[in-house]
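In: curious how this folds, go ahead:
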Amino acid sequence: MTERAQAAPGRRTVIGAGAAALTTAALGVTTTAQAADRNGGHGGHRLDLPVPTVIGHRGTSGYRPEHTLGSYQLALDMGAHIIEQDLVPTRDGHLVCRHENDITATTDVSAHPEFANRRTTKTVDGVSLTGWFTEDFTLAELKTLRAKERIPANRQKNTLYDGRWEIPTFEEVLRWADREGRRRGKPVWLYVETKHPTYFRGLGLGLEEPLAKLLRRYGRHRAQSPVILQSFEPGSVQRLARLVATPRIVLLSGAGTKPWDFEVSGDPRTTDDLVKPAGLKWMASFAQGIGPTLDLIIPKDAAGRLTEPTTLVRDAHAQGLVLHPYTMRNENTFLPADFRRGTDPNAYGDAFGAFAAYFATGIDGIFSDNPDTALLAAADFTAKR
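Out: Numbering: from 1, shown residues only. Model prediction:
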């Protein structure tokens, strides 16, 4: 048996009526089918994915420059169950895959003298940034750039691939996924995020409508489509819910933070409110799950060590929501302190131990920069259940 075959847990995630009962029966979390039934209108959604689901974070960003076709292909070849794309627009309205609209750290734009005068300072979601931004480039101009490793100090080996790949458009990714799906005989799942949607809507570059148009063009707009949509702005998720039937996830930042669309609209709620039962019930009215930071699942103490799990998994499952927290990375510098090994911050620590701690809480999946490690950890967890 290959590692990929070993790392394929058999249980599937079901969303909607009865979802909480099925998911939690296998995970040992207390809930009721009646709670799942409150997830109005969600009965048609089914995620035909193993649990725990391994999500290739920006592809395989632990091994390749993020959000490149090379990174996505490696994630697929490793066996990741679903592969993430972050979307930002170009000046002429195309959706491209970048973690941020500031492309200073992820492309070779600074080496292009023809674009030197595009360097500028902007305020994006309340943060002042200086660099080069996708919304100031046409797609044709962006296609002259090449991707590079975002954090070379941590991942020097990834710099071997600097300059190898272009910035992909989301449509190119859809074509790639369809092609690979036909070749493999099963669909390639995509996990798609709208980045800074309120900011871009203010520029006349709204993300949701062109995203929905592309999903419809490629037949990925239905409740059963192999796509999950996500955003840190609940308003963007609500907008997407009006446009397509594709499953949706609300991403949640750390305790005490506030979604940017809440800041703009004057909504007083913070993440602290959204993770309470009332907030979870509200999100379940238009989304099928949440994507919290791992610290909302198990907080860390002042020394960076894991403490006791919160009740978020139990409470979210009680509302019929799945949980796909982010992000596991193998390097010491990103791991909880109790799983670091040795003194080199960029060496691998006990990632398997950290995965085991998070899986034990009953989460339904996890984002990882290292999907091969995550798949083995998921197989270990499943074998012990």
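In: for the protein, longest strand please?
Out: In the chain, taking DSSP state E as the definition, the longest strand is strand 82-89.
In: distance between that strand and the chain's centre?
Out: Strand 82-89 sits 8 Å away from the centroid of its parent chain (CA atoms, centre = their mean, to the nearest Å).
In: how about stretch 165-183?
Out: Relative to the mean C-alpha coordinate of its chain, stretch 165-183 is positioned 18 Å out (CA atoms, centre = their mean).
In: state the distance from N154 to A351.
Out: Distance of N154 to A351, given as CB to CB, to the nearest Å: 14 Å. All C-beta atoms are positioned from the backbone trio N, CA, C, and that covers glycine.
In: list the buried ones in the very next helix or strand once past the longest strand of the chain?
Out: Next along the chain after strand 82-89, taking DSSP states H and E as the criterion, comes strand 95-97. Of the residues in strand 95-97, 95-97 count as buried by neighbour count, 16 or more other CB atoms under 10 Å.
In: contacts for strand 95-97 next, please.
Out: 67, 85-90, 134, 139, 142, 167-171, 173, 207, 210-211, 214 (CB atoms under 8 Å, 6 or more residues apart in numbering).
In: inside strands: which ones of the residues you listed?
Out: Within the contacts of strand 95-97, residues falling in strands by DSSP E are 85-89.
In: let me know the closest of those to Q238.
Out: Lowest distance from Q238 to those (CB to CB) belongs to L87, with 17.2 Å.
In: does the closest one touch G206 like I think?
Out: No. In this structure, L87 is not within contact of G206 by CB atoms under 8 Å, at 11.5 Å.
In: the two: who's more crowded?
Out: Using other CB atoms under 10 Å, the more surrounded residue of L87 and G206 is L87, with 27 against 18.
In: so what pLDDT did the more buried one get?
Out: Confidence per residue is given as pLDDT, and for L87 that number is 98.
In: for the closest residue to it other than its chain neighbours, list each beta-bridge partner.
Out: In this structure, L87 finds its nearest non-sequential neighbour in L95, 4.7 Å apart by CB to CB, 6 or more residues apart in numbering. L95 has the following beta-bridge partners by DSSP bridges: P89.
In: can you list which of the contacts of strand 95-97 are found in helices?
Out: Among these, the ones falling in helices (DSSP state H) are 139, 142, 170-171, 173, 210-211, 214.
In: quick one: buried ones out of the residues you listed?
Out: Applying a neighbour-count criterion of 16+ other CB under 10 Å, the buried members of the ones in helices among the contacts of strand 95-97 are 139, 142, 170, 173, 210-211, 214.
In: how far is whatever helix or strand V250 lives in from where the chain is centred?
Out: Assignment of secondary structure by DSSP H and E places V250 within strand 248-252. Its chain's C-alpha centre and that of strand 248-252 lie 9 Å apart, by CA atoms, centre = their mean.
In: report the rounded mean pLDDT for that strand.
Out: For strand 248-252, the per-residue pLDDT averages 98.
In: strand partners (parallel or antiparallel) of that strand?
Out: Based on DSSP bridges, the pairing partners of strand 248-252 within the sheet are strand 227-231 (parallel), strand 289-292 (parallel).
In: closest one to R220 among these?
Out: With CB to CB as the criterion, R220 lies closest to strand 227-231 of the strands paired with strand 248-252, at 4.7 Å.
In: what about the residue nearest to L87, distance to E193?
Out: Taking CB to CB, one finds L95 at 11 Å from E193.
In: ok, the residue lying closest to L69 once chain neighbours are set aside - how many residues close by?
Out: Take L69 and drop its neighbours on the chain: the residue closest to it by CB to CB, 6+ apart is P168, 5.4 Å away. Other residues lying near P168 total 22 when counted by other CB under 10 Å.
In: residues contacting P168?
Out: Residues 67-69, 72, 96-97, 176 are the ones in contact with P168 under the rule CB under 8 Å, 6+ apart.
In: that one and E135: what is the separation?
Out: 17 Å.
In: before we move on, what about P259?
Out: P259 sits at a distance of 21 Å from E135 (criterion: CB to CB).
In: with neighbour numbers in mind, choose between these two.
Out: Set P259 next to E135 and count neighbours by other CB under 10 Å: P259 wins out with 26 against 19.
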